[in-house]
Structure formats: structure tokens, C-alpha cells
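Enquirer: Next one to model:
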Amino acid sequence: MAQTSQPLFAAAMARMASKGRAGCLDGQFGHTCKILFVVSVLTTVACLLATLSQRGGLLSQGPPGSLALSASADFVDVREASSDALFALKARVTTELQLRGGPVPERLRLEELAARTRGCPETSLTPATRTEMPRRAGSATVFCWMLVTPVAQELDLLRVHLCLNASLFRCDDHLLISNTSIRSLMGGVPHGDRIKELVVEQSLNTSYGGSWKTTLNTDLFVAVWKAIFAKGLHLQQDFTVKVDADSLFAPDRLFYVLDAYSKEEQRTAMYLNSCPWCLVKLIGPIEIFSREAMKQYSGNMDRCHREVPHHNISEDVFLENCGRLLRIRAVDPPRRLLRPDWKIQNIDHKFCSEGWAAFHPYKSPAALLRCYETTYALTETQVKAP
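Expert: This next block holds a predicted model:
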């Protein structure tokens, strides 16, 4: 990292420490928080400076008193930015380190995780103002799961889902999967005790590249799927849904989509093309499989791992190719399922009023919250509109 950037980053960290001390002194986090926060911030400064100086190019200096990850990123004024903005900048540093294949300093991770003991964001969305599609008697049931990397950005997004009782928390059953206890990390968030989780002894680090210029995470997700299969969780409901933390997901809209299929169709080995107009039609932000399809994947995952080239592709491409090998039927959803976009931080807010069951991506918790507020304000007629 350039020499001139180091004092600025130190200033950012010092500002976060100051805000943390103020919060602790106000009694928001408790006396222990004050000690842990200050110690971890000081240690993080040394770790970050050492790591970034080795890797170089991660931070750029902009206008006086500001930093950014690259010349194209928004600059953050470390003298005026809120603590949330500073944590977001640090989360982006973490993500960039991961994408470049570098280890994330352990002290950086610990300091980020300790900061997750915050309450819920302010919102206009309440049970009284929230509109959901009525669920038809006898409609398909769903088990939803999410792999969560314990870093600031994903925990902030998860906090929004949890506080709103949204995303996978509205499914018939759910599971958060990580290599550490997410329930413990979210202990300071209301409703954190409702989290069902599975802690796996598995590195969540992945590389980046391949012809698609994407995260090469097939081996990781094969291991996670096997953990789900071993517990029989894929057999408990009619459908299994894998959803990403940076996706907005409204399960009531998914029930409406699944209701378009007869019970006989639902009992066949099928999965939904989450993006029917895409080259790869089964894409990672949301993946939906029938119970019979899950049985096929469960019994043949090792075969697919042997026979399907997977070292330079992402997990969704692997599952699509595996499904093709196993002759699992891919079906286009009859109604709006996923509205995706690429190479952006947050999807355009205008789509939030179109009645989709899912949107991707959302890297900003504030943008995610705003879209939830808009999409749950839609009437049933608006959701059903063509």
C-alpha cells in the first residue's frame, strides 16, 4: 500500500475505535466490549497494513482524507464517514483479499465479528404494513438454506433478513451453514435465537477465475451439499431452496410460483431455471430443487464430481451439468422468480416494485432494506400483474 495511504487507513481505524469506545461508554455494548473492541482494532491496523503492503493496489488515495479500494470505487472520507461506512470499507478490503486469493488476517475477522452485536435497522416495514401473498392450502413446502461466510458484509445482510423475519426465515424450515456459529455471532440481534444452524469443519475460502471470471466454489458447495444430505434435510419438505446472503428472497412469492405446478409434477425430479433467459439457467443467487431431484443429486454427487469437469466453474454451473448428466428435468418458472444483474453492487431499485420472488445482488444492507420495504408494500394484484 502506498505510504501516503497508511496514515489515512490508520485514521479510519482510529475513528472506528473512537466510535466503539463511545458506544461502550454509553452502555450500548457493555464494559467487555470496550476492551475487546480497542484491542482488536489496534491489532487489526498492524495486520491490515502488513497484508495490504504485501499485496499492494488494494487501496487508492482520493481527495484529501479519503480512501477507496480502486480508482473506480466510491471514496470514503475517513474524517466524516459513519462507522457503518467505515465497516463497509473494511468489508470490501476483506472481500478483495479473498478474491485475490490472499488469506484474511484472523484479527481482522475477529474484530469484524465482534462488531455484529448491534440491533435492528430502522424501517417503515411492520407486520401491519407488510403485504404477503396468501398461501394456498396444500401448497408445496420448502426447506431453505444459506451458506454464510462470517465476514462483516454477509453478517450485515443477514442482520436485515433476520430483523425483518424475511428470506429463508419465512420458509417452512431453514438452516444457516458456516464454519463458525452464526447464532452466537448474531446474539445481539433481535430474534437471533430463532436461527437454526449447522457448523461444518470446512474452509470457506475459494479462488476466483475460470472462463466465467467467477468464484470457483464447486468443491466447497459439494462438501456443503453432502453435509445436508447426511442429515436427511433434503427429504423433509417438498422442495429444497439454496439462497445467497446477498439475495433478497420473498418465500410467499415462491409459493405462488410453485403452485403453478401440479402435485404430480412436483413429485418428479425437477429443478427451476432461476434465469431462463441466461446462458447458464440455473444460477447461484437462488436454486430450487424438488425432493425427487434432491434424491438424485444425493445418490450421485460423487459420480458427478468424477464425471463433470468442475475445477474452473462455479457451483451453479456444476449443478446444472450434473442435473443434465442425471437427466433431471429443468423447467422454466411460469411467473417471475429471480431478477438478477451482474457487475454491480446493488440491483436497480425500480425492479423492486415488479413482484419478483428474488433479486440479486445486494451488497449494501441499506439498499436491501429499501427493496424489502418496496416489495412488501405491493398488493396481491400488483404481484400477479403480467
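
Enquirer: Quick check: R194 vs V200, distance?
Expert: Separation of R194 from V200 (CB to CB, to the nearest Å): 20 Å. Every C-beta, even on glycine, is put in place using the N, C-alpha and C of the backbone.

Enquirer: Between the two, tell me which one has more neighbours.
Expert: Higher neighbour count among R194 and V200: V200, with 18 against 12, using other CB atoms under 10 Å.

Enquirer: Over to that one: give its phi and psi.
Expert: phi -110, psi 140 (degrees, to the nearest 10).

Enquirer: I'd guessed S203 sits against N179; true?
Expert: Yes: with contact defined as CB atoms under 8 Å, S203 reaches N179; the gap is 7.0 Å.

Enquirer: the more surrounded of these two?
Expert: Of the pair S203 and N179, N179 is the one with more neighbours under other CB under 10 Å, namely 16 against 10.

Enquirer: what residues are up against the more buried one?
Expert: Taking CB atoms under 8 Å, 6 or more residues apart in numbering, we find N179 in contact with 150, 199-204.

Enquirer: possible to save the residues you listed as CSV with pLDDT?
Expert: Shown next, in CSV, are those (pLDDT from 0 to 100):
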residue, pLDDT
P150, 91
V199, 96
V200, 95
E201, 92
Q202, 89
S203, 90
L204, 93
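
Enquirer: Need the max-distance pair from the residues you listed.
Expert: Taking CB to CB, the two most distant members of the contacts of N179 are P150 and E201; they sit 14.0 Å apart.

Enquirer: Compare these two (neighbour count), which wins?
Expert: Using other CB under 10 Å as the criterion, P150 and E201 rank with P150 on top: 19 against 7.

Enquirer: Show me which residues of stretch 224-242 are buried.
Expert: When burial is assessed from 16 or more other CB atoms under 10 Å, stretch 224-242 yields the following buried residues: 224-225, 227-229, 233-234, 237-242.

Enquirer: Could you export it as CSV, CA atoms only?
Expert: Provided in CSV are the C-alpha atoms of stretch 224-242 (Å, rounded to 0.1, in the frame of the first residue of the first chain):
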residue,chain,number,x,y,z
VAL,A,224,-21.9,-28.5,2.0
TRP,A,225,-24.5,-30.4,0.0
LYS,A,226,-23.1,-33.6,1.3
ALA,A,227,-23.5,-32.3,4.9
ILE,A,228,-27.1,-31.6,4.1
PHE,A,229,-27.7,-35.0,2.6
ALA,A,230,-26.0,-36.7,5.5
LYS,A,231,-28.6,-35.2,7.9
GLY,A,232,-31.5,-36.0,5.5
LEU,A,233,-32.6,-32.4,5.5
HIS,A,234,-33.3,-32.5,1.7
LEU,A,235,-36.1,-35.1,2.3
GLN,A,236,-38.2,-33.2,4.9
GLN,A,237,-40.0,-30.8,2.6
ASP,A,238,-41.3,-30.8,-1.0
PHE,A,239,-38.6,-28.5,-2.3
THR,A,240,-35.1,-27.5,-1.2
VAL,A,241,-34.0,-23.9,-1.8
LYS,A,242,-30.5,-22.6,-1.7
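
Enquirer: Residues touching that stretch, excluding its own?
Expert: Against stretch 224-242 from outside (CB under 8 Å, 6+ apart): 140-147, 168, 171-173, 175, 177, 198, 200, 202, 251, 254, 258, 266, 284, 286-291, 294-295, 297-298, 301.

Enquirer: from those residues, which ones fall inside helices?
Expert: Cross-referencing these against helices under DSSP state H gives 251, 254, 258, 266, 291, 294-295, 297-298, 301.

Enquirer: Going through the residues you listed, which ones are buried?
Expert: With burial judged by 16+ other CB under 10 Å, the buried subset of the ones in helices among the contacts of stretch 224-242 is 251, 254, 258, 266, 291, 294, 297-298, 301.

Enquirer: Tabulate those (a markdown table), appending pLDDT and distance to M186.
Expert: Compiled in a markdown table, these are given as follows (pLDDT from 0 to 100; distance: CB to CB, whole Å):
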| residue | pLDDT | distance to M186 |
| --- | --- | --- |
| P251 | 97 | 20 |
| L254 | 97 | 24 |
| L258 | 97 | 29 |
| Q266 | 97 | 33 |
| R291 | 98 | 30 |
| M294 | 98 | 28 |
| Y297 | 98 | 30 |
| S298 | 98 | 29 |
| M301 | 97 | 30 |
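
Enquirer: Would you mind giving those residues as a markdown table with distance to R135 added?
Expert: A markdown table is the format used below for those (distance: CB to CB, whole Å):
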| residue | distance to R135 |
| --- | --- |
| P251 | 9 |
| L254 | 10 |
| L258 | 11 |
| Q266 | 15 |
| R291 | 19 |
| M294 | 22 |
| Y297 | 27 |
| S298 | 28 |
| M301 | 32 |
